[in-house]
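**Q** sequence first, then the predicted structure:
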Amino acid sequence: MGAKRFLSALFVFLFLLGSSAMPGKNLRARRPCKRMVFYFHDIIYNGKNSKNATAAIVGAPAWGNMTILAGQNHFGNMVVFDDPITLDNNLHSAPVGRAQGFYLYDKRDIFTAWLGFSFVFNSTEHKGSINFAGADPLMNKKRDISVIGGTGDFFMTRGVATLMTDAFEGEVYFRLRVDIKLYEYL
């Protein structure tokens, strides 16, 4: 009786192992269930533009200061922001929400940052927030970061956001095009 029970359990175990060990057979190509494109506009405080600034350096290495980004690659700077989000690339368009969060310049030898932020919507079309986090290798034309959650219309959402630097003016202003692809998980 013990041998039969063992063989039955072994068969069930191997069957389950075989069906889950080859995930490629059970996966289908996933397409986004929702896709949105927004622009966010970042104006870094430089000591002279306090009325227009939407971002500020809040942490700097010993050799840096709080109004000028640290030397090459801005290594060690931490910037917080509260940037307008628009549906087109015009800074003066009506905002549909705010991009709120921070970025850290995290590599000495390569121009790159780590981002953690939310899109907080205040429009009639969208209510709630979408949360993002990930590495941003700024020198790449297109970069992907993770969509890690949300609230309201975007409750517990998951997906990928593709970032593209759409414009920049020195070290004071840049605009990102954010192509968001949200997915449903079954």
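**A** Noted; the coordinates are in hand. Residues are numbered from 1 along each chain as shown.
**Q** residue contacts, M164?
**A** M164 sits next to K141, K142, R143, L176, R177, D179 when contact means CB atoms under 8 Å, 6 or more residues apart in numbering. C-beta: built from backbone N, CA, C; applies to glycine.
**Q** again, only using 6 Å
**A** Residues near M164 by CB atoms under 6 Å, 6 or more residues apart in numbering: K142, R177.
**Q** just the element for it, please.
**A** Per DSSP states H and E, M164 falls inside strand 158-169.
**Q** what strands line up against that strand, and which way round?
**A** Its sheet considered, strand 158-169 pairs with strand 142-152 (antiparallel), strand 173-183 (antiparallel) by DSSP bridges.
**Q** deepest-packed of these, please.
**A** Of all those, strand 173-183 carries the top mean neighbour count, a mean of 18, counting by mean count of other CB atoms under 10 Å.
**Q** check the offset of that one from the chain's centre.
**A** 8 Å (CA atoms, centre = their mean, to the nearest Å).
**Q** quick one on the thing from earlier: show me which positions of the strand holding M164 end up buried.
**A** Across strand 158-169, burial judged by 16 or more other CB atoms under 10 Å covers G159, V160, A161, L163, T165.
**Q** over to stretch 34-47?
**A** Residues of stretch 34-47 classed as buried: M36, F38, Y39, F40, H41, D42, I43, I44, Y45, N46 (neighbour count, 16+ other CB under 10 Å).
**Q** what about N90, which SS state?
**A** coil (DSSP: H, G, I helix; E, B strand; the rest coil).
**Q** re earlier: closest one of the buried residues of stretch 34-47 to D88?
**A** Proximity of the buried residues of stretch 34-47 to D88 (CB to CB) peaks at Y39, which lies at 6.6 Å.
**Q** the closest one reaches N90, doesn't it?
**A** No. If you go by CB atoms under 6 Å, Y39 and N90 don't touch, sitting 8.2 Å apart.
**Q** from Y39, how far off is the residue positioned nearest the centre of the chain?
**A** Closest to where the C-alpha atoms of the chain average out (CA atoms, centre = their mean) is F132, at 3.5 Å. Counting by CB to CB, to the nearest Å, the gap from F132 to Y39 is 15 Å.
**Q** now do the strand or helix carrying A99 against strand 173-183, angle only.
**A** Counting by DSSP H and E, the element that carries A99 is strand 97-105. With axes from the mean of the first three to the mean of the last three CA atoms, to 10 degrees defining the directions, strand 97-105 sits at 110 degrees from strand 173-183.
**Q** which stretches of this protein aren't confidently modelled?
**A** Along the chain, the model assigns pLDDT under 70 to residues 1-30, 63-73, 185-186.
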